[in-house]
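A.B. asks: Quick one, fold the following:
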Amino acid sequence: MATIRDVARISGYSISTISRAINQSGYVSKAAQLKINRVIHDLDYVPNAIARDLSTGRTHKIGVILPHIRDPYFSKILNGIMDAAFAADYSLILLPSEYDEALEMHYLEQLKRKEYDGLIITSHGIPLERLEKYNQYGPIVCCEDTGDTQLSSVFSDRESAYTAAFKWLKQKRIERIALLFSRRAGVSATSSITLKTFAQVYGRLPPDNFMITGISTPAAGYLAAEKLVKNTTDLQYIFGNGDDIISGVRQYYVDQQLPVPGLIGQGHQISGVTSAIPTIDPHFYEIGGQALQLVLESGNNIRKIKMHSDFIINNKIDLTSNTFIN
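C.D. replies: You can find the predicted model right below:
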């Protein structure tokens, strides 16, 4: 197998010149570049990627911490990150955590050891204050509002969409609304914002039996509907944490031949469109793409980008363009 020394010997140029030509770092004359390229081709020389990364100080890899992909929230963000990484010629390292703090700390230590050039954190179990301490080792971007911490973030302004949804319900004289969450408020920023906006619009919180946590799949939505039927009365609407989850809720009522209450989903997914269920569109795909760009551009700068979200009542497909419309 040919080495960089072979390329240098045959081309007549120094190893440092060969390295500059390969990495396109520093000046190399056009004649030298052409000759070096020809020798590399003739020898079928493949540069040592590890050595190249050491010389440039970059791995061209971005770590993505995500608890799981059972919730479409994470898969949509991941799709946005992947497409942006492909366009930027970067590789992704997926770092599943299931909110395990010890595992998340392990990933942060890997960033400290420069095993990747930056981290995107879609959701986490570690407090923001602990994440902040690792920002010195490489750019960290969170997909949530990081408040006053020195952590860059890209997040959806879900509060405005939630407020619009609850005001719409209140105008319809809807009072008895069940809320589904993946995690409890205080741990989940999304759950906290949901309850905050509900209280602002209604002046109170829902009864405890109208709030169910641990819901992250359509099957869990199905079981949540069963629990609501057993433990609540006169339920008018169910505000779910995903269109797919709400489709599971709806299926329970259909299977039991029960009247289906009003439903609102989140994520603007095809399951919500086919059922014409109102939804919250937080534009997760766009958030993922912006998060990747922020990792690459941020350097030592801390940036916080708030992206809009929409409450979509008339949820359907534009058949002329094959896109969702509202």
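A.B. asks: CA atoms for contacts and neighbours, from now on please.
C.D. replies: Fine.
A.B. asks: so residue 120, which of the three states?
C.D. replies: Classification of residue 120 using DSSP: H, G, I helix; E, B strand; the rest coil returns strand.
A.B. asks: Mind jotting down where the helices sit in the protein?
C.D. replies: Using DSSP state H, the helices of the chain run over residues 4-11, 15-23, 30-43, 49-56, 72-87, 101-112, 128-132, 158-171, 189-202, 218-231, 243-255, 270-274, 284-298.
A.B. asks: Now tell me which of those the model trusts least on average.
C.D. replies: Out of the helices of the chain, helix 49-56 stands lowest, with a mean of 52 (criterion: mean pLDDT).
A.B. asks: tally of neighbours for residue 24?
C.D. replies: Neighbourhood size, residue 24 [other Cα atoms under 10 Å]: 12.
A.B. asks: What pLDDT is listed against it?
C.D. replies: 70.
A.B. asks: quick one on the thing from earlier: want to throw the helices of the chain into CSV with mean neighbour count and distance to residue 211?
C.D. replies: Output for the helices of the chain, formatted as CSV (neighbours: other Cα atoms under 10 Å; distance: least, Cα to Cα, whole Å):
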stretch, mean neighbour count, distance to residue 211
helix 4-11, 16, 64
helix 15-23, 17, 56
helix 30-43, 15, 65
helix 49-56, 11, 50
helix 72-87, 19, 20
helix 101-112, 17, 26
helix 128-132, 14, 26
helix 158-171, 19, 15
helix 189-202, 18, 10
helix 218-231, 18, 9
helix 243-255, 22, 14
helix 270-274, 18, 21
helix 284-298, 22, 24
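A.B. asks: Let's have those in TSV, adding distance to residue 121.
C.D. replies: Formatted as TSV, the helices of the chain follow (distance: least, Cα to Cα, whole Å):
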stretch	distance to residue 121
helix 4-11	38
helix 15-23	30
helix 30-43	40
helix 49-56	23
helix 72-87	11
helix 101-112	10
helix 128-132	10
helix 158-171	18
helix 189-202	14
helix 218-231	24
helix 243-255	23
helix 270-274	26
helix 284-298	9
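A.B. asks: Return the distance of stretch 199-209 from the chain's centre.
C.D. replies: Put simply, stretch 199-209 sits 29 Å off its chain's centre (Cα atoms, centre = their mean, to the nearest Å).
A.B. asks: could I get it in PDB with only the CA atoms?
C.D. replies: Written as PDB, here are the backbone C-alpha positions of stretch 199-209 (Å, rounded to 0.1, in the frame of the first residue of the first chain):
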ATOM      1  CA  ALA A 199     -53.200  27.900  32.700                       C
ATOM      2  CA  GLN A 200     -52.800  31.300  31.000                       C
ATOM      3  CA  VAL A 201     -55.800  30.700  28.800                       C
ATOM      4  CA  TYR A 202     -58.100  28.900  31.200                       C
ATOM      5  CA  GLY A 203     -56.900  30.300  34.500                       C
ATOM      6  CA  ARG A 204     -56.400  26.800  36.000                       C
ATOM      7  CA  LEU A 205     -54.800  23.500  35.300                       C
ATOM      8  CA  PRO A 206     -56.600  20.400  34.200                       C
ATOM      9  CA  PRO A 207     -57.600  17.900  36.900                       C
ATOM     10  CA  ASP A 208     -54.900  15.300  37.600                       C
ATOM     11  CA  ASN A 209     -56.900  12.500  36.000                       C
END
